[in-house]
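*Asks:* Sequence plus predicted model, see below.
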There are 4 protein chains.
Amino acid sequence: MHIGFIGLGNMGAPMARNLLKAGHRLTVFDLSQAAVAGLVEAGAKAAASPAAVAGTDAELVITMLPASAHVKGVYLGEDGLLAHVRPGILLIDSSTIDPLSAREVAAAARAHGNPMLDAPVSGGTGGAAAGTLTFMVGGEAADFNRAQPVLAAMGRNIVHCGGAGNGQVAKVANNMLLGISMIGVAEAMSLGVALGMDPQVLAGILNTSSGRCWSSDTYNPFPGVMDNVPAARGYTGGFGTDLMLKDLGLASEAAKQARQPVILGALAQQLYQTFSAQGHGGLDFSAIINLYRKDAQA
Amino acid sequence: MHIGFIGLGNMGAPMARNLLKAGHRLTVFDLSQAAVAGLVEAGAKAAASPAAVAGTDAELVITMLPASAHVKGVYLGEDGLLAHVRPGILLIDSSTIDPLSAREVAAAARAHGNPMLDAPVSGGTGGAAAGTLTFMVGGEAADFNRAQPVLAAMGRNIVHCGGAGNGQVAKVANNMLLGISMIGVAEAMSLGVALGMDPQVLAGILNTSSGRCWSSDTYNPFPGVMDNVPAARGYTGGFGTDLMLKDLGLASEAAKQARQPVILGALAQQLYQTFSAQGHGGLDFSAIINLYRKDAQA
Amino acid sequence: MHIGFIGLGNMGAPMARNLLKAGHRLTVFDLSQAAVAGLVEAGAKAAASPAAVAGTDAELVITMLPASAHVKGVYLGEDGLLAHVRPGILLIDSSTIDPLSAREVAAAARAHGNPMLDAPVSGGTGGAAAGTLTFMVGGEAADFNRAQPVLAAMGRNIVHCGGAGNGQVAKVANNMLLGISMIGVAEAMSLGVALGMDPQVLAGILNTSSGRCWSSDTYNPFPGVMDNVPAARGYTGGFGTDLMLKDLGLASEAAKQARQPVILGALAQQLYQTFSAQGHGGLDFSAIINLYRKDAQA
Amino acid sequence: MHIGFIGLGNMGAPMARNLLKAGHRLTVFDLSQAAVAGLVEAGAKAAASPAAVAGTDAELVITMLPASAHVKGVYLGEDGLLAHVRPGILLIDSSTIDPLSAREVAAAARAHGNPMLDAPVSGGTGGAAAGTLTFMVGGEAADFNRAQPVLAAMGRNIVHCGGAGNGQVAKVANNMLLGISMIGVAEAMSLGVALGMDPQVLAGILNTSSGRCWSSDTYNPFPGVMDNVPAARGYTGGFGTDLMLKDLGLASEAAKQARQPVILGALAQQLYQTFSAQGHGGLDFSAIINLYRKDAQA
């Protein structure tokens, strides 16, 4: 299939490479010449603008952009996708943005005759490279079915979450819960150890009790409890505190618009913000445990 | 074995019955005559006071009491266990109390020549009746080994958590994390549904993503998502809000004494307190989601 | 002076009337015909659009609009003020919006040759009618001096807060502190009364001690402590919970953009949101004390 | 008057000196020989124990002790005050302890025939030395009247707060509000400055607006805004973070016993705990602003 791909950053570039590996033809665009050159070397064709991508005979266009403002610019701008793409072409936005913006762009696409899916991912740059991302997809079932084989070239778990915007809803809801749970585990582990327990024994109990959660049994933040997690390598790699902060910002913004209280969610956002403001925004988000560990303060 | 058993409440009575069923001889005490009569009918012998229990030839004494003050009274009082029990007899306190009080009583027991274990349980009255409780046990390994077969008559999962008090530490750490996770799930589910997602689809995504936790995949608080959970029966049964509140009070008290921050833990305590003060302390703790659901406020 | 005035809502209409009373000539615009008619009856001239207001010989234009989107629409739209106003005319926006949007609009005005002030108010509809508002003004000192006599016809306290946007900064900072203090007073009063103190005695002590604050000594939320406050009349009138919620939303949004933690501020926002979601958004914000008073829950 | 005085620490010693200066005869006790020697040099008589103080012909006994456990020990112990003091002698406890413990000791005193007042103070060691403390007094009006002239030798502001324990209630309620307000001011000042405002201009606006409070207009935490406050001298002197933490611990404990939510109060406690755990417990509590100021983190 001929696919347009816009946005070749840390996530978008390896995703596009996986599409090439799966045998698709790609026309790509990014503001960074270097990013484009990398994909061209791998077999893609370069386009000079989003409009130029839309002007090819690509049957499907995927975008992977940093934030809501970029998505609106690429889709809705005068020189944007919607002004130039042929009706009927399927548009897929894999950026993580707030659900209401996703719905606004999808409605504009529909008005222009283009079906659109929001399809944010989880799995990080590692998952993007390995082709094992999870896609949370919002939009019509028929469009989801059409997109499924293409997304399957980039991910392992492709979930239909309901109508337009629901991919974003699922992502912000999950990541808000993740951000809360991680702090909950950080507090429970720190409290137990401060009261004299061995961290591995404590983690073993939590993981077989009602406190069990992904942040404890798969990504434990206490150093020495697990191998192959950021806590085992000084909180490098993984999912950065500032990325978690971005997602919590999207969650609290969406909650504000829905007039829905998210009390622990908002507090979690502030705690990651506090940690980031102390200069640790580049560390994996599980490093938030250092807010709680006295021996780690020095 | 001849076992003394003090405290025959909602938890203690069915635990004692399971010891009788397993073939042990029991001498029991409780302030409630009716509670004692029930056990006597089942084959136990009654004693007139904790001291009288201690005065028998019981090889092991188990206590199951409501709070720290009762435990100190029964063990340390002038007419208490330690003043009358023979040295060497193993003492097991299954009450849920703060770790520092547990250590204080254990140290007093040790000074008197009695090994002691703290062995709080989880699993509720259902688990007590079915003999499927989890015991979190603090104390010496040799004493744990001696107690293990006796506890196994009342529970399925008997975990050694380290030295004296660590059973209590494990319990408060786990239950604090549970209390936080449940509110996290309540917020994530409420937010997702307020933004237009189907609750079952959302739960399915959380349960296979990084938001996965016991509160979501085993005890989901949103009505209609799971059968056989309190949310499916108007939040009756289960683990009462006021019991969660008691455990969060123990956690924040222990944290205060250890000078250990527990930010989300303290906020969770206040949210359950708010819900309880609104008259809902008797509902299962997963009903905390009603603080967040607009349609549930009426 | 000939003044243009755009936005004749609950605040704008009485403000415009006070300008007329002070002898100024007014050309006004609002989407509501009825609102315009009211001012025309009082002596103003009507204009058909913001552009039409700009097209008169008004020496100064004031806007009073609900939110950032309206301000951007009126100033920056194709048919907006900046596209039609003569260079040099002083523009004053009295809307309460986020500081960064205020700075964006001010920069656009400056680029067009128009000095601009942000001048949000406090004092509510009562202060607007009585001409006793406080104006918090951001912009150049010379422009502030030029605006001062005009603003003085509508307010009593006209404060220069520094450069563009700083009027908004002062307002969100003050109102965030107000929102926090009010909940603090609600908690302190509820706690003291729950522990057996007379509310008037307690308020008297707080008001002469280090807990002293406006929310306690001027606007006490506990019924019976003061006359002439919303708590004395069922929390009617005053400053609505949903208006406080709007200002806390601006504060947390500005904090997010500045990467500045506001932990209590974010929690206060969530508590007012919880109270609003329970159906009380129209009550004065001091009614938040009902979240805390058991006897008030029925 | 002949007065017994027990507890000659940082607060008790200067208070006792002021009683001597006012012409009273004093019999004193403290565990520290040095503390006793200091008072003896100033004219007091030493006693060997609380019981020995009680055994003199003192007409009134004042205690000033660190915490609830010490108060219970001195009053209720076998060798304590109540076991040896003559009925009718007025007892005044100026320690800061939880209200329920204060009521328990007062009830025991009353049962023994001794009227008792709880009379915690504010004003710090400076106020104790200068004789300008505030006394918040709980107990019978007649007893208050009897104590008033004696307390007036040590303080300037002597307030009757109602029945037994209400002095403690007033103190914990006020200090909880103070702890919250200070963080509120810290957040508002940090936010305003992060958004570009001058701290002195911002403080001036807060202090004349609805955000006005003691923490802002009398004890502003932002360096450079006021002279003669801890913020002007590196947060030395003043009211230590760990003392604020103790009072917030008393407030949340009293709230727990009263089943009264204190949501911001509990969060404030955790934030001071976080700051203390980072090694800053000895700094004035207004230093909490350093949790929020990026430039102060280095």
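*Replies:* The structure has been received and is ready for your questions. Numbers count the residues shown, from 1 in each chain, chains lettered A, B, ... in the order given.

*Asks:* How far does whichever strand or helix holds A:Ala102 sit from its chain's centre?
*Replies:* Secondary structure from DSSP states H and E places A:Ala102 in helix A:99-111. The chain centre lies 19 Å from the centre of helix A:99-111; the measure is CA atoms, centre = their mean, to the nearest Å.

*Asks:* So is that helix next to chain B?
*Replies:* Yes. Helix A:99-111 reaches chain B (CB under 8 Å from any CB of the partner chain) through A:Pro99. Placement of C-beta: from N, CA and C, glycine included.

*Asks:* Does chain C have contacts with that helix?
*Replies:* No. Helix A:99-111 is not in contact with chain C by CB under 8 Å from any CB; minimum separation 12.7 Å.

*Asks:* what's the following helix or strand after that helix?
*Replies:* strand A:116-118.

*Asks:* Which other helices and strands does that next one contact?
*Replies:* Here strand A:116-118 touches strand A:90-93, helix A:99-111, helix A:141-152, helix A:166-194, going by 3 or more CB pairs under 8 Å, 6 or more residues apart in numbering or on different chains; DSSP states H and E.

*Asks:* So, low pLDDT: which residues of chain A?
*Replies:* A:294-298 (pLDDT under 70).

*Asks:* Can you give me the domain boundaries for chain A?
*Replies:* Here the domain assignment for chain A is A:2-164, A:169-296, based on automatic domain parsing.

*Asks:* right, so those domains: which one is the most enclosed?
*Replies:* Counting by mean count of other CB atoms under 10 Å in any protein chain shown, domain A:169-296 has the highest mean neighbour count of those, with a mean of 23.

*Asks:* Would you reformat the domains of chain A as TSV and include distance to D:Ser49?
*Replies:* Output for the domains of chain A, formatted as TSV (distance: least, CB to CB, whole Å):
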stretch	distance to D:Ser49
domain A:2-164	68
domain A:169-296	36
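
*Asks:* Dump the helices and strands packed on strand A:116-118 to a markdown table, plus distance to C:Asn174.
*Replies:* Converted to a markdown table, the helices and strands packed on strand A:116-118 look like this (distance: least, CB to CB, whole Å):
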| stretch | distance to C:Asn174 |
| --- | --- |
| strand A:90-93 | 40 |
| helix A:99-111 | 29 |
| helix A:141-152 | 49 |
| helix A:166-194 | 30 |
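
*Asks:* Any idea which of the ones you listed gets closest to chain D?
*Replies:* Each of the helices and strands packed on strand A:116-118 was scored for nearness to chain D using CB to the nearest CB, and the closest is helix A:166-194 (9.4 Å).

*Asks:* could you check the angle helix B:166-194 makes with the very next helix or strand once past that closest one?
*Replies:* Remark: after helix A:166-194, the chain's next helix or strand is helix A:199-207, criterion DSSP H and E. With axes from the mean of the first three to the mean of the last three CA atoms, to 10 degrees defining the directions, helix A:199-207 sits at 50 degrees from helix B:166-194.

*Asks:* just checking, next helix/strand downstream of helix A:199-207?
*Replies:* helix A:214-217.

*Asks:* So which elements touch that following helix?
*Replies:* Packing contacts for helix A:214-217, counted by 3+ CB pairs under 8 Å, 6+ apart, involve helix A:166-194, helix A:199-207.

*Asks:* Can the first one be said to contact chain B?
*Replies:* Yes. With CB under 8 Å from any CB as the measure, helix A:166-194 is seen reaching chain B through A:166, A:169-170, A:172-178, A:180-181, A:183-185, A:187-192, A:194.

*Asks:* Compute the inter-axis angle for that helix and helix A:141-152.
*Replies:* 60 degrees.

*Asks:* Tell me how far helix A:166-194 lies from the chain's centre.
*Replies:* In terms of CA atoms, centre = their mean, the centre of helix A:166-194 is set 16 Å apart from its chain centre.

*Asks:* How about that helix and chain C, touching?
*Replies:* No. Remark: helix A:166-194 sits outside contact range of chain C, by CB under 8 Å from any CB, the gap being at least 12.7 Å.

*Asks:* which residues touch A:Ala266?
*Replies:* Going by CB atoms under 8 Å, 6 or more residues apart in numbering or on different chains, A:Ala266 touches A:252, A:255, C:252, C:266-267, C:269-270.

*Asks:* Contact residues of the stretch 1-150 of chain A facing chain B?
*Replies:* A:99, A:122, A:134, A:136.

*Asks:* and the last one, that one's in a strand?
*Replies:* Yes. Following the definition DSSP: H, G, I helix; E, B strand; the rest coil, A:Met136 is counted among the residues of a strand.

*Asks:* my guess is it meets B:Leu206, correct?
*Replies:* No. Under the criterion of CB atoms under 8 Å, A:Met136 makes no contact with B:Leu206, lying 10.9 Å away.

*Asks:* Three-state assignment for A:Asn156, please.
*Replies:* To be clear, residue A:156 is Arg; Asn isn't right here. strand.

*Asks:* Distance-wise, check the residue nearest to it when sequence neighbours are not counted relative to A:Gly124.
*Replies:* Leaving aside its chain neighbours, A:Arg156 sits nearest to A:Thr132 (4.5 Å; criterion: CB to CB, 6 or more residues apart in numbering or on different chains). In this view, A:Thr132 and A:Gly124 are 10 Å apart by CB to CB, to the nearest Å.

*Asks:* swap in A:Gly249?
*Replies:* 18 Å.

*Asks:* go on, A:Asp98?
*Replies:* Distance from A:Asp98 to A:Gly124, by CB to CB: 20 Å.

*Asks:* again, but for A:Val229
*Replies:* According to CB to CB, A:Val229 and A:Gly124 sit 13 Å apart.
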